[in-house]
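*Asks:* My questions concern the predicted model and sequence given below.
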Number of protein chains: 2
Amino acid sequence: MAMWIRGVFYGFRKSAMIQLPYLLFLGDAPDQLAAKVGQGIKDWRPEHALGQLRLPTCKADLGLPDLTLEEGFASGAKTLVIGVANRGGVISQVWKQLLIEAVVTGYDLASGLHNRLTDEIDLVKVAREHNRTLHDVRVSNVDFPIANGRKRSGKRVLGVGTDCSIGKMYTGLALDHSMKNRGLKSTFRATGQTGILITGDGIPLDAIVADFMAGAVEWLTPDNDDDHWDVIEGQGSLFHVSYSGVTMALIHGGQPDALILCHEPTRKTMRGLPDYPLPSLEELRNAVLPLARVANPLCEVVGVSVNTASLNANAAENCLTQIERTMNLPAVDPFRQGADRLVEALIGLN
Amino acid sequence: MAMWIRGVFYGFRKSAMIQLPYLLFLGDAPDQLAAKVGQGIKDWRPEHALGQLRLPTCKADLGLPDLTLEEGFASGAKTLVIGVANRGGVISQVWKQLLIEAVVTGYDLASGLHNRLTDEIDLVKVAREHNRTLHDVRVSNVDFPIANGRKRSGKRVLGVGTDCSIGKMYTGLALDHSMKNRGLKSTFRATGQTGILITGDGIPLDAIVADFMAGAVEWLTPDNDDDHWDVIEGQGSLFHVSYSGVTMALIHGGQPDALILCHEPTRKTMRGLPDYPLPSLEELRNAVLPLARVANPLCEVVGVSVNTASLNANAAENCLTQIERTMNLPAVDPFRQGADRLVEALIGLN
């Protein structure tokens, strides 16, 4: 059923799944950092990334083949993903003609930017004419149920942070990667915009209506094989007053068997809240575990993922050693060391 | 600005405030219980309830003057409130002709039912013609900010429950009533549909998008006089997996100075979750207080509100005595005893 909701055209199907593989549009990215969504897709799902499409002024390069719209489509690309964030995170008018041509060529479009593909009247018009889908991954288009709390089969692990933006998504993707490398059954379950674009599926949890948050997480992580792990992307922090409700819904809707504490050892105050100090890892563990055990009485904290990007190698090693000793848990930086030791701790739960 | 959002016509102003006073429409209520929204308004805000309007088959009676639409309007009533819930909680076609006449007469309409006044095309048409407002209090029409966590002036008290539907709204209304009786400055801050209809204002927290929940609670409870108390209506429970995220947003967005624990001593399992036992009051206190102190380090649990409706007078007294002893806090049933002792505990905080 086609309808307009909040100015968004939901024309085609009730699913969050984006058609794979992708052609990554890097636009006029002024530097490599501006292409970080594209970089994330290339790093974590290289099999989804057939190539890159850059405007003449683009300064970013993912090291992928440069393809025209026609070349990408002929190679099998189904969706043109906006893999670039310009200043302000909005859809640039400079890109508009190319996006229209992409739809005419046969691509769906996917974007995690703040303004919506589906608010651009010319894009909507051409998408309707060519029966293509415009994915604004900041918007949910599924009617989620109220959470029922029923115990589900399969295993689940969730990252919980001392703060927002501390490495929870990276930790989850590294866990999933390490599990798959060992031949374990694992699915990364994206709950935010970047994660959805990387994996092609997921729920934009922060955009879901309050009553349905936990139900959406249950929907995202359904019954599965007993030896399958859902790696659920964490959001917010129980200690971040702006977003703690979202975190709470993940802890109860996800009914995790295992929690990974995520931390950044040099950060002093909560992101965007200069008057709020970071909690200690002990405070986080003590607050989260009793609440997690409401939904899953067997839940355990199994390890700590530490973002040591701002420490040199020696300081990072000292920091990890000290956290291991204090918390009596494996503590790793998955970027420096991979997530294998965290996966071993998960396996040890069984 | 007039616009359509989710099929809802927001024609007139950016405010949740419903025009007072009310004429209470009881429709064809099959029994007294069906008129409980009307009863709540009459019990807690008698000055808002000019009269009742009943169809010939109505079996409920609030003991208010029976007024026609014309009589009510001549007496000064501004809004016809649907104070009745029929089976299924939907707008009955039997009521339709009367609702249209009310709009023509000059009333706004207000409803907390599941289907929306603003989804009824004939109501929307007549409301536009007569420039009247249709209030669906399950829908929010304010653009709330992200919570900023800034310390606000004035005092705030929040009820937190061992379960949902355990008497948090009643406790809050009783606290507000007792404070006002003592000449204290107090405002009941409604966060649910029934509370909004009773007081004429508030936020439908369970209908707000996840990222903005805590910000909506901050918006609802702004800076105030140092000796003013916001009595914030609680929702859900930290221990109810379906709604705990909403509760968390109240705890952090409300930055309460005081918490009242709300409990029903005979309930064994969580509402709608037969496999989930109720937590003890100690478990609730231990989980909620560290989290509340993130937003307000001075927060204290000051008392227990116990819903003893299913106990006889003797058993209720024994129950309250035992809870007082165990928790070392005043424990009262505000329905049997009023909320004065809880108010004294609040005053004792200063």
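*Replies:* Here it is on my side, so go on.
*Asks:* where does the stretch 51-200 of chain A dip in pLDDT?
*Replies:* Regions of the stretch 51-200 of chain A meeting the criterion pLDDT under 70 cover residues A:87-88.
*Asks:* That one: strands as residue ranges?
*Replies:* Along the stretch 51-200 of chain A, the segments classed as strands by DSSP state E, counting those that start in this stretch run A:79-82, A:108-111, A:134-136, A:155-161, A:185-189.
*Asks:* Repeat that for the stretch 201-350 of chain A.
*Replies:* A:228-232, A:258-263, A:269-270, A:273-277, A:300-306, A:331-332.
*Asks:* Name the nearest residue to residue A:200, sequence neighbours excluded.
*Replies:* Take residue A:200 and drop its neighbours on the chain: the residue closest to it by CB to CB, 6 or more residues apart in numbering or on different chains is residue A:18, 4.4 Å away. In this view, the C-beta of every residue, glycine as well, is placed from N, C-alpha and C.
*Asks:* and if you look at residue A:95?
*Replies:* In space, residue A:95 is closest to residue A:27, 5.2 Å off (CB to CB, 6+ apart).
*Asks:* Could you verify my assumption that residue A:213 touches residue A:245?
*Replies:* Yes: using CB atoms under 8 Å, residue A:213 is in contact with residue A:245, at 7.4 Å.
*Asks:* Can you work out which residues contact both of the two?
*Replies:* B:210, B:245 (CB atoms under 8 Å, 6 or more residues apart in numbering or on different chains).
*Asks:* rewinding a little: where does the residue nearest to residue A:200 sit: helix, strand or coil?
*Replies:* coil (DSSP: H, G, I helix; E, B strand; the rest coil).
*Asks:* what about it, distance to chain B?
*Replies:* 21 Å (CB to the nearest CB, to the nearest Å).
*Asks:* Then residue A:78?
*Replies:* From residue A:78 to chain B the distance is 30 Å (CB to the nearest CB).
*Asks:* Now that residue. Nearest residue, chain neighbours left out?
*Replies:* residue A:19 (3.8 Å).
*Asks:* if I pick the residue nearest to residue A:200, what's in contact with it?
*Replies:* A:79, A:81, A:108, A:110, A:135, A:137, A:196, A:197, A:200, A:201.
*Asks:* Which residues of the stretch 101-250 of chain A lie near chain B?
*Replies:* Within the stretch 101-250 of chain A, the positions adjacent to chain B are A:146-151, A:205-211, A:213-215, A:238-239, A:241-249 by CB under 8 Å from any CB of the partner chain.
*Asks:* what about the helices in the stretch 101-250 of chain A?
*Replies:* For the stretch 101-250 of chain A, applying DSSP state H, counting those that start in this stretch gives helices covering A:121-129, A:168-181, A:193-199, A:213-220, A:244-253.
*Asks:* could you say what helices and strands the first one packs with?
*Replies:* Packing partners of helix A:121-129 (3 or more CB pairs under 8 Å, 6 or more residues apart in numbering or on different chains; DSSP states H and E): strand A:8-10, helix A:96-105, strand A:134-136.
*Asks:* Ok, the second one next?
*Replies:* Counting contacts by 3+ CB pairs under 8 Å, 6+ apart, helix A:168-181 is packed against strand A:155-161, strand A:185-189, helix A:193-199, strand A:228-232, strand A:258-263, helix A:334-337, helix A:340-349.
*Asks:* Now render these as a markdown table, adding distance to residue B:85.
*Replies:* A markdown table is the format used below for the helices and strands packed on helix A:168-181 (distance: least, CB to CB, whole Å):
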| stretch | distance to residue B:85 |
| --- | --- |
| strand A:155-161 | 38 |
| strand A:185-189 | 38 |
| helix A:193-199 | 39 |
| strand A:228-232 | 37 |
| strand A:258-263 | 41 |
| helix A:334-337 | 52 |
| helix A:340-349 | 47 |
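*Asks:* Export these as a markdown table, with columns for mean neighbour count.
*Replies:* Shown next, in a markdown table, are those (neighbours: other CB atoms under 10 Å in any protein chain shown):
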| stretch | mean neighbour count |
| --- | --- |
| strand A:155-161 | 27 |
| strand A:185-189 | 21 |
| helix A:193-199 | 24 |
| strand A:228-232 | 24 |
| strand A:258-263 | 26 |
| helix A:334-337 | 18 |
| helix A:340-349 | 18 |
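*Asks:* where does whichever residue of the stretch 251-350 of chain A sits closest to chain B land on pLDDT?
*Replies:* Closest contact between the stretch 251-350 of chain A and chain B, by CB to the nearest CB, is at residue A:252 (3.8 Å). Looking at residue A:252, its pLDDT is 98.
*Asks:* State the distance from residue A:229 to residue A:346.
*Replies:* 7 Å (CB to CB, to the nearest Å).
*Asks:* Spit out the residues that contact the two alike.
*Replies:* A:155, A:157, A:179.
*Asks:* The helices and strands packed on helix A:121-129 into JSON lines, with extra columns for mean neighbour count?
*Replies:* Converted to JSON lines, the helices and strands packed on helix A:121-129 look like this (neighbours: other CB under 10 Å):
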{"stretch": "strand A:8-10", "mean neighbour count": "19"}
{"stretch": "helix A:96-105", "mean neighbour count": "18"}
{"stretch": "strand A:134-136", "mean neighbour count": "25"}
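*Asks:* With distance to residue A:340 as new columns, can the ones you listed be given to me in JSON lines?
*Replies:* Output for the helices and strands packed on helix A:121-129, formatted as JSON lines (distance: least, CB to CB, whole Å):
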{"stretch": "strand A:8-10", "distance to residue A:340": "42"}
{"stretch": "helix A:96-105", "distance to residue A:340": "40"}
{"stretch": "strand A:134-136", "distance to residue A:340": "34"}
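*Asks:* To residue B:43, which of those lies closest?
*Replies:* strand A:8-10 (42.0 Å; CB to CB).
*Asks:* before we move on, back to that, mind listing what the residue of the stretch 251-350 of chain A closest to chain B touches?
*Replies:* Counted by CB under 8 Å, 6+ apart, residue A:252 has contacts A:147, A:149, A:214, A:217, A:291, A:294, A:295, B:241, B:242, B:244, B:245.
*Asks:* One more pass at 7 Å, please.
*Replies:* A:147, A:214, A:294, A:295, B:241, B:244 (CB atoms under 7 Å, 6 or more residues apart in numbering or on different chains).
*Asks:* which one of those is nearest residue B:281?
*Replies:* Of those, the one sitting nearest to residue B:281 (CB to CB) turns out to be residue A:294, at 15.2 Å.
*Asks:* Can you report how many residues neighbour the spatially closest residue to the closest one that is not a sequence neighbour?
*Replies:* Excluding its sequence neighbours, the residue lying closest to residue A:294 (CB to CB, 6+ apart) is residue B:239, at 5.3 Å. Using other CB atoms under 10 Å in any protein chain shown, the number of residues around residue B:239 comes to 28.
*Asks:* One more: the one 5 residues further on?
*Replies:* Residue crowding around residue B:244 was assessed by other CB under 10 Å; the count is 26.
*Asks:* rewinding a little: and among the helices of the stretch 101-250 of chain A, the most buried is which?
*Replies:* Most buried of the helices of the stretch 101-250 of chain A by mean neighbour count (mean count of other CB atoms under 10 Å in any protein chain shown) is helix A:244-253; its value is a mean of 30.
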